[in-house]
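Chemist: Sequence and computational prediction follow.
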Amino acid sequence: MRLFVLILIVFNQLSIFGCSSSESIDDRQIGTRPLFIQSSIQSGAQDVSFGAQTITLVFDQNIVLANNDAITLNGDKLSNVVAAFKDLKITVPLLKSTSYTLKIANNAIKGPTGLFADAITVSFQTKEGTDQSVKSKLVVSSASPQAEKLYGFLRENFGKKTLTGAMANVSWNTNEAEWIFKHTGKYPALNGFDILHLYASPASWINYSDTKVLENWWNANGVVTLMWHWNVPATNGSSDYKFYTKETSFDISKAVEEGTYENGIIKADLDKAADVLVLLKNKNIPILWRPLHEAAGKWFWWGAKDAVSYRKLWVLMFDYFQSKGLNNLIWVWTSETNDKEWYPGDAYVDIVSCDLYNRVDNNTILTVYNYLRSNYSDKIITLSEFGSISDFTSQWNSGIYWSWLMPWYDYNRTLETNSANFDEPNHQHANINYWKKIMASDNVLTRDQLPNLK
């Protein structure tokens, strides 16, 4: 009787698990192995776009990444690999005219039952020339040879190399770049300048018609970017000049109307700015020109009201500078993200940038970057200002490929280049340890690494 009961229990257990005489346990487990379905880049492809690319491999079931080191591209281990549901996403910078072999070993990908996917190999070739997803033609008419050469260099390197940059302390110097050089032995590739005191120039303390500092930087093989914290009278007829919305009654909606007081101020200022830019044009210096920045934030008077007035002001400036023959300008628009109504339009913008502060989480930075890449897919994307954000290498490994990056200045640290403060490695926005990590990366360019762009 006991033997009969035992046999009955075993029979019932087998019935519950549905085991038949023709199916073994091993056969059932093999059936749950993750199966590779397809890759966004097919093996054997010969014309793959280069630059920043995400390769997506799709499986027949949800997967997890079991061994990151078991995934290589041309023998190099990859760090930016993410498993999400049935997709394996691999973000990499690809060089032009290069053969690649992506290998995923048989211990890299695991399914829900704990079984591994078979080994996968995807071989492909990137196309020659420049990535066609980014427009090749500048928006200015008959761009200067130097502007075309600089833009072509940025376009060719977008997604492969990031230019390092430093911002002038206040307006018209290279103090921050000198501070970086003092502590690292290398100059950043790019220096930012600001004509915020244009209303006072020429004066004993500021004279923008003296362009020697920009000439020296350009002649030393550096790239120049120029912005404008545009100061206007605090009130009608005031000699006190401001650019913050809360400090001036200047009305942008009236500034773009013919015959108004504000319109007269705008036109006079544009004329004065054009005089400075013409001096640089005559020296054959191309300028990454970034006016009217952070408008949708509304903290500056040029963004205080509506997007329509802002776009009108941008076009007014663009057309006026065109009439002055300023073909050395590469036009950079700064997005606050989710502000497409403020975008001046493809006919007026070459490069799209953003300014980021206090962002230590790569995921939040990646969200911004992906927003800009998806909404302005034919534009170079750059980090025009930053302060206190995650380190460069971790950003790069997350698939964040800025064309250039530039921390804002620390006023007290670099105001006087012969002061004790200048000898200190700390910095409000990016200290020397931060810079040393940047300089150690193979994915950045410093001034000494730039080609002749003249």
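Modeler: Thanks, I have the structure now.

Chemist: if I pick residue 338, what's in contact with it?
Modeler: Applying CB atoms under 8 Å, 6 or more residues apart in numbering, we find residue 338 in contact with residue 371. (Glycine included, C-beta is placed from N, CA and C.)

Chemist: mind pulling up the phi and psi values for it?
Modeler: phi 50, psi 40 (degrees, to the nearest 10).

Chemist: pLDDT score for it?
Modeler: On the pLDDT scale, residue 338 is placed at 91.

Chemist: what's the distance between it and residue 105?
Modeler: 41 Å (CB to CB, to the nearest Å).

Chemist: Could you do residue 429 as well?
Modeler: Computed as CB to CB, the residue 429 to residue 105 distance reads 42 Å.

Chemist: Find me whatever residue is spatially closest to residue 202, sequence neighbours aside.
Modeler: Leaving out its chain neighbours, the residue that sits closest to residue 202 by CB to CB, 6 or more residues apart in numbering is residue 209, at 6.0 Å.

Chemist: again, but for residue 255
Modeler: What sits nearest to residue 255 in space, not counting adjacent residues and going by CB to CB, 6+ apart, is residue 262, at 3.9 Å.

Chemist: Doesn't the one you found lie inside a helix?
Modeler: Yes - under DSSP: H, G, I helix; E, B strand; the rest coil, residue 262 sits within a helix.

Chemist: Distance of it relative to residue 299?
Modeler: Taking CB to CB, one finds residue 262 at 19 Å from residue 299.

Chemist: which of those two has more neighbours?
Modeler: Set residue 262 next to residue 299 and count neighbours by other CB atoms under 10 Å: residue 262 wins out with 20 against 13.

Chemist: So that one versus residue 302, what's the distance?
Modeler: From residue 262 across to residue 302, the span is 11 Å (CB to CB).

Chemist: can you give me the helices in this structure?
Modeler: Counting by DSSP state H, one finds helices in the chain at the ranges 2-17, 25-30, 145-157, 175-184, 212-219, 252-255, 261-282, 307-323, 362-375, 392-397, 411-414, 432-439.

Chemist: and the first one, average pLDDT?
Modeler: To tie it back to what came earlier, the one meant is helix 2-17. For helix 2-17, the mean pLDDT works out to 43.

Chemist: for stretch 178-194, the distance to its chain's centre please.
Modeler: The chain centroid and the centroid of stretch 178-194 are separated by 19 Å under CA atoms, centre = their mean, to the nearest Å.

Chemist: hang on, the earlier thing: now do the shared contacts for residue 262 and residue 302.
Modeler: The contact sets of residue 262 and residue 302 overlap at residue 252 (CB under 8 Å, 6+ apart).

Chemist: check contacts around the residue lying closest to residue 66 once chain neighbours are set aside.
Modeler: Spatial nearest neighbour of residue 66, chain neighbours left out: residue 110 (4.2 Å); criterion: CB to CB, 6+ apart. By CB under 8 Å, 6+ apart, residue 110 lies in contact with 34, 63, 64, 65, 66, 116, 117.

Chemist: Hmm, the residue nearest to residue 255 is touching residue 254, no?
Modeler: Yes - counting by CB atoms under 8 Å, residue 262 does reach residue 254; the two are 4.3 Å apart.

Chemist: now stretch 148-164: mean pLDDT?
Modeler: In this model, stretch 148-164 has a mean pLDDT of 95.

Chemist: Next, the distance between the ends of it.
Modeler: Terminal residues of stretch 148-164 are spaced 20 Å apart (CA to CA, to the nearest Å).

Chemist: Give me the buried positions along it.
Modeler: By neighbour count on 16 or more other CB atoms under 10 Å, the buried set for stretch 148-164 is 148-151, 153-164.

Chemist: Can you tell me which of those is nearest residue 396?
Modeler: Nearest to residue 396 out of the buried residues of stretch 148-164 is residue 162 (CB to CB; 7.5 Å).

Chemist: What's the separation between the closest one and residue 154?
Modeler: Using CB to CB, residue 162 is found at 10 Å from residue 154.

Chemist: Common neighbours of the two, please.
Modeler: Listed as contacting both residue 162 and residue 154 by CB under 8 Å, 6+ apart are 403, 404.

Chemist: before we move on, the earlier item: need the per-residue pLDDT for the residue nearest to residue 255.
Modeler: pLDDT, residue 262: 97.

Chemist: Any figure for the gap between it and residue 301?
Modeler: Distance, residue 262 to residue 301, by CB to CB: 10 Å.

Chemist: Identify the contacts common to those two.
Modeler: With contacts taken as CB under 8 Å, 6+ apart, residue 262 and residue 301 have 232, 250, 252 as neighbours in common.

Chemist: ok, for the first one, nearest residue in space, not its chain neighbours?
Modeler: The reference is to residue 232. residue 250 (4.4 Å).
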